[in-house]
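*Asks:* I would like to see how this sequence folds:
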Amino acid sequence: MALVTRLSRLFRADIHAVLDRIEEPELLLRQAVREMEEAVADDERRAGLLCQERDQLRQRQEAVRRVLATLEEELDVCFRAENEALARSLIRQRIEQQRLQGELAQQEASLGDALDELGRRREEQLPRLQSMRQKIALWSREMGDVRLPGQRPPSPVRDEEVEIAFLREKQRRYGS
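*Replies:* Here you go, the predicted structure:
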């Protein structure tokens with residue numbers, strides 16, 4: 001049984017080695033960088049949407065505070081006028097507004113947690129992204145001038161081109 005396990009492990013290792021040689025590490029690394037950049041951009045968009053939602057939530061909370069203040073003033077009037085039926089109705093509205101205020105506070109706390117999580121994730125992603133970009137730069141330097149498929153290498157500058165450019169520059173500078 002141990003022999004079969006060992007042979008199986010060796011076979012898998014050989015297959016992985018072949019696959020590693022077939023795959024182009026630089027292309028895989030560039031793809032990983034693109035995917036990570038997209039993830040960072042998605043997180044930034046999501047954070048922007050969450051900030052907008054939080055601002056709207058805060059506006060609603062402010063509106064509820066104003067309604068509660070108005071209800072308090074109206075309750076004072078009702079009690080001074082000894083109108084208990086109207087006071088009960090206003091108290092019902094106040095309780096509803098207080099519940100709404102609590103729900104809005106919970107929603108704001110949830111949004112804050114989501115924004116904090118996105119911030120933490122961004123703080124983790126950015127150094128990794130920078131590291132991957134540096135690896136690509138190192139890889140490119142080690143492998144020489146790496147071009148995309150279909151991209152032609154720059155043609156060498158001929159001595160005649162240099163001489164003609166030199167003469168033109170000389171003529172431009174000295175006017176003759």
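*Asks:* least trustworthy helix or strand in this protein by mean pLDDT?
*Replies:* Using mean pLDDT, DSSP states H and E, the weakest-scoring helix or strand in the chain turns out to be helix 2-22, at a mean of 66.
*Asks:* after it comes which helix or strand?
*Replies:* helix 25-80 (DSSP states H and E).
*Asks:* Packing partners of that following helix?
*Replies:* Packed against helix 25-80, as judged by 3 or more C-beta pairs under 8 Å, 6 or more residues apart in numbering; DSSP states H and E, are the following elements: helix 84-143. Just so you know, the C-beta spots here come from the backbone N, C-alpha and C atoms, and that holds for glycine as well.
*Asks:* Distance from the helix it packs on to the middle of the chain?
*Replies:* From the chain centre to the centre of helix 84-143 is a distance of 13 Å (C-alpha atoms, centre = their mean, to the nearest Å).
*Asks:* helices and strands around that helix, which ones?
*Replies:* helix 25-80.
*Asks:* Return the angle between stretch directions for the helix it packs on and helix 84-143.
*Replies:* Angle of helix 25-80 versus helix 84-143, following axes from the mean of the first three to the mean of the last three C-alpha atoms, to 10 degrees, is 170 degrees.
*Asks:* Show the average pLDDT along stretch 111-121.
*Replies:* What stretch 111-121 shows for mean pLDDT is 93.
*Asks:* whoops, stretch 160-176 was the one
*Replies:* 83.
*Asks:* residues making contact with it?
*Replies:* Here stretch 160-176 makes contact (C-beta atoms under 8 Å, 6 or more residues apart in numbering) with no residue beyond itself.
*Asks:* okay, it in PDB with CA atoms only?
*Replies:* Extracted C-alpha coordinates of stretch 160-176, given in PDB (Å, rounded to 0.1, in the frame of the first residue of the first chain):
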ATOM      1  CA  GLU A 160      23.000  56.100 -41.500                       C
ATOM      2  CA  GLU A 161      19.900  57.300 -39.600                       C
ATOM      3  CA  VAL A 162      22.000  58.600 -36.800                       C
ATOM      4  CA  GLU A 163      24.300  60.500 -39.300                       C
ATOM      5  CA  ILE A 164      21.300  62.000 -41.100                       C
ATOM      6  CA  ALA A 165      19.700  63.100 -37.900                       C
ATOM      7  CA  PHE A 166      23.000  64.600 -36.700                       C
ATOM      8  CA  LEU A 167      23.400  66.600 -39.900                       C
ATOM      9  CA  ARG A 168      19.800  67.900 -39.700                       C
ATOM     10  CA  GLU A 169      20.300  68.900 -36.000                       C
ATOM     11  CA  LYS A 170      23.600  70.600 -36.900                       C
ATOM     12  CA  GLN A 171      21.900  72.400 -39.800                       C
ATOM     13  CA  ARG A 172      19.000  73.500 -37.500                       C
ATOM     14  CA  ARG A 173      21.300  74.800 -34.900                       C
ATOM     15  CA  TYR A 174      23.800  76.600 -37.100                       C
ATOM     16  CA  GLY A 175      21.400  77.600 -39.900                       C
ATOM     17  CA  SER A 176      23.500  76.300 -42.900                       C
END
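*Asks:* If anything else comes up later, I'll come back, but that's it for now.
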